[in-house]
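J.: Quick one, structure for this:
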Amino acid sequence: MEERQVTVEGQTRFLPEPFFVIATQNPVTQSGTLPLPESQLDRFLMRISLGYPDPDAERELLRGGDQRAKLPSIVPVLDLARLQAIQAAVDSIKVTDPLLEYVQRLVAFTRQGGAFAYGLSPRGTWALLHAARAWALLDGRSHVVPEDVQAVLPGVVEHRLREAADFAGHGGGALTQRLLASVNVV
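T.: So this is what the prediction gives:
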């Protein structure tokens with residue numbers, strides 16, 4: 001899908017823009033569930049855990065019956081032109097050289113810090129910066145600040161990184177906190 005095309009029975013079809021994939025992940029401990037290889041995980045921009053709904057929201061879900069019946073009545077909240085304008089606005093968010101150097105130090109720490117089995121890939125580095133730009137746009141700024149990088153870091157990198165054997169059992173969240181604590185902003 002990275003190529004924005006699919007080939008079925010020798011016929012290549014280009015996918016429409018915008019195109020993206022949203023996937024769900026079952027717990028690895030669930031029978032029959034296997035983790036994706038690192039090369040496939042790296043293709044997902046972010047992994048976000050939604051957690052469980054609060055009791056009131058869950059009660060509404062239970063009262064609501066089959067939610068699929070409501071699909072035909074869903075009204076779009078923005079049209080294609082507006083979505084493309086927002087995507088273009090993300091690309092226009094400025095990134096300074098000191099901010100790029102901060103991102104590079106974070107990435108270098110994953111590659112040389114010893115806590116990680118392997119470092120963040122160039123695709124992962126690009127994803128971190130792209131998500132930080134989007135975060136800055138959502139926050140109403142025309143430039144990225146270190147707090148934008150820090151805000152999106154867990155969602156962007158925790159599914160891409162694995163701990164080294166010496167750090168086994170600490171998990172992605174602890175490794176992300178170690179990364180942020182170990183790399184100075186300036």
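J.: center of the protein, which residue is that?
T.: Nearest to the mean C-alpha position of the chain, by CA atoms, centre = their mean, lies M46 at 1.2 Å.
J.: That one contacts A132, correct?
T.: No. Between M46 and A132 there is no contact under CB atoms under 8 Å: 11.6 Å. C-betas here are computed from N, CA, C, even on glycine.
J.: Could you name every residue contacting both of the two?
T.: V152 (CB atoms under 8 Å, 6 or more residues apart in numbering).
J.: Show which residues not belonging to stretch 19-35 make contact with it.
T.: 1, 4, 41, 44, 47.
J.: out of the residues you listed, which are inside helices?
T.: L41 (DSSP state H).
J.: so who does the residue nearest to the centre of the chain touch?
T.: 127, 131, 152, 155-156, 159.
J.: Most neighbours among those residues, which one?
T.: V156 (26 neighbours; other CB atoms under 10 Å).
J.: Q112 against Y118, yeah?
T.: No. Applying CB under 8 Å as the test, Q112 and Y118 come out as separate, 11.1 Å apart.
J.: Looking at these two, which is more packed in?
T.: For Q112 versus Y118, the count of surrounding residues by other CB under 10 Å is larger for Y118: 12 against 9.
J.: can you give me the helices in this structure?
T.: Taking DSSP H as the criterion, the chain carries its helices at 38-41, 55-63, 80-91, 97-112, 122-138, 146-157, 171-182.
J.: circling back to that earlier point, pLDDT-wise, what's the bottom of the contacts of stretch 19-35?
T.: Ranked by pLDDT, these bottom out at M1 (60).
J.: closest to F14 out of the helices of the chain?
T.: F14 lies closest to helix 80-91 among the helices of the chain, at 16.1 Å (CB to CB).
J.: tell me the mean pLDDT for that closest one?
T.: On average, helix 80-91 scores 94.
J.: who touches that helix?
T.: Helix 80-91 is contacted from outside by 17-18, 78, 130, 133-134, 137, using CB under 8 Å, 6+ apart.
J.: Which positions in it come out as buried?
T.: For helix 80-91, a neighbour-count test (16 or more other CB atoms under 10 Å) marks V90 as buried.
J.: Between helix 122-138 and it, find me the angle.
T.: 110 degrees (axes from the mean of the first three to the mean of the last three CA atoms, to 10 degrees).
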